[in-house]
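[1] no sequence on this one, just coordinates:
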C-alpha cells in the first residue's frame, strides 16, 4: 500500500522569503502522479502543482516549484517570494493512475498536511 | 460553471440521527469520490464511484452508504450518526484519463 508522509506539521516564513515544504512517499509503482494541494481558511481544496513520475523535469507553476527525487521518493514544494495569501494548509498527495478501459478511477492518498503561516 | 457543489455547508446532528450529504458536478466527469478530513490525518477516501451505476468502498467506509444517482450526483448517507463521524466531508470528481480531481467546498459536520 502507498503512504505519504509530511513531517512538518507547521512552518512559518516571512513575506517575500522562500520556503520549502517536505513530502516523502512509499510505493512500489513505477508510474504515478504526485500533487500539492493548498487549503486556505475558506476550506477549498486548490490544486497547486502536479508531477508525473515518468518526467524527470521538475514541475513549475509561477512561484511554486517542486524538487522531485524519484529514487529517494521525495517530493518537496518550494514557494518563492511568499505572499500573505499563501497562508494555508498544504497537502501532498499520491495517485496511481487507473486506465481508461473499464472506467477506473484515480484515488488520491494524502499526507497529513503542513500548516504554513506567512508573516508580514 | 459551478464545478462541484456540496450541500449543506454546515450541519449539526444528534447522535443516532440520519442525514444525506449531497454532491453534484457539472463538468461531465465520470468518477466521483467522498473524502473525510480529520485533524492530523489528512483526507481519507470513504467511497468512490468509477461511473454511473457503480460504487466501491474506500479506506474508511464503515458507518456510511452512498448512491450514484446519475452521472452528475453522488450522495453520502449517515444512517445513524456517531460522534466519531464529526469531520469535514469533501466530494470530488475526475474525468477518465485525466489525473486531476476537482473538489467541492466541503461540509462541516458535527455530531453531538
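    Everything's here; your move. Everything numeric in this text was worked out from a predicted model, so none of it was measured.
[2] Next one, pLDDT for residue 6 please.
    Using chain A. Per-residue confidence (pLDDT) for residue A:6: 97.
[3] wait, I meant chain B there
    97.
[4] I'd say it and residue B:107 touch.
    Yes - Residue B:6 lies in contact with residue B:107 (Cβ atoms under 8 Å); the separation is 5.4 Å. For the C-beta atoms, the positions are set from N, CA and C on the backbone; glycine is no exception.
[5] Pull up the gap between the residue most central in space within chain A and chain B, please.
    Nearest to the centroid of the C-alpha atoms of chain A, with distances taken as Cα atoms, centre = their mean, sits residue A:36, at 2.4 Å. Note on residue A:36: its distance to chain B, by Cβ to the nearest Cβ, to the nearest Å, is 13 Å.
[6] Name the residues linked to that residue by a beta bridge.
    When bridges are taken as DSSP bridges, the partners of residue A:36 come out as residue A:49, residue A:92.
[7] Quick one: residues contacting it.
    A:21, A:23, A:47-49, A:64, A:66, A:77, A:90-93 (Cβ atoms under 8 Å, 6 or more residues apart in numbering or on different chains).
[8] residues in chain A within reach of chain B, list them.
    Residues of chain A that fall close to chain B, judged by Cβ under 8 Å from any Cβ of the partner chain: A:4, A:9, A:33, A:42-45, A:47, A:50, A:52, A:91, A:95, A:97, A:100, A:102-108, A:110-113.
[9] In strands, which of the residues you listed fall?
    A:4, A:33, A:47, A:50, A:52, A:91, A:95, A:108, A:110 (DSSP state E).
[10] May I have the residues that are in contact with the residue lying closest to residue A:26 once chain neighbours are set aside?
    The shortest distance from residue A:26 to any non-neighbouring residue, by Cβ to Cβ, 6 or more residues apart in numbering or on different chains, is to residue A:3 (4.7 Å). For residue A:3, the contacting residues are A:25-26, A:109, by Cβ under 8 Å, 6+ apart.
[11] and residue A:31, which of the three is it?
    Three-state call for residue A:31 (DSSP: H, G, I helix; E, B strand; the rest coil): coil.
[12] I'd like to know how far it sits from residue A:55.
    Here the criterion is Cβ to Cβ, to the nearest Å. By it, residue A:31 lies 11 Å from residue A:55.
[13] For the buried ones among the ones in strands among the residues of chain A next to chain B, write the corresponding ChimeraX selection.
    Here is the ChimeraX command that picks out the buried ones among those, judged by 16 or more other Cβ atoms under 10 Å in any protein chain shown:
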select /A:4,33,47,50,91,95,108,110
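[14] Bridge partners for the nearest residue to residue A:112 once chain neighbours are set aside, pull those for me.
    Nearest residue to residue A:112, sequence neighbours excluded (Cβ to Cβ, 6+ apart): residue B:42, at 4.7 Å. Applying DSSP bridges to residue B:42 gives these bridge partners: residue B:38.
[15] Before I go, just wanted to say thanks for your time.
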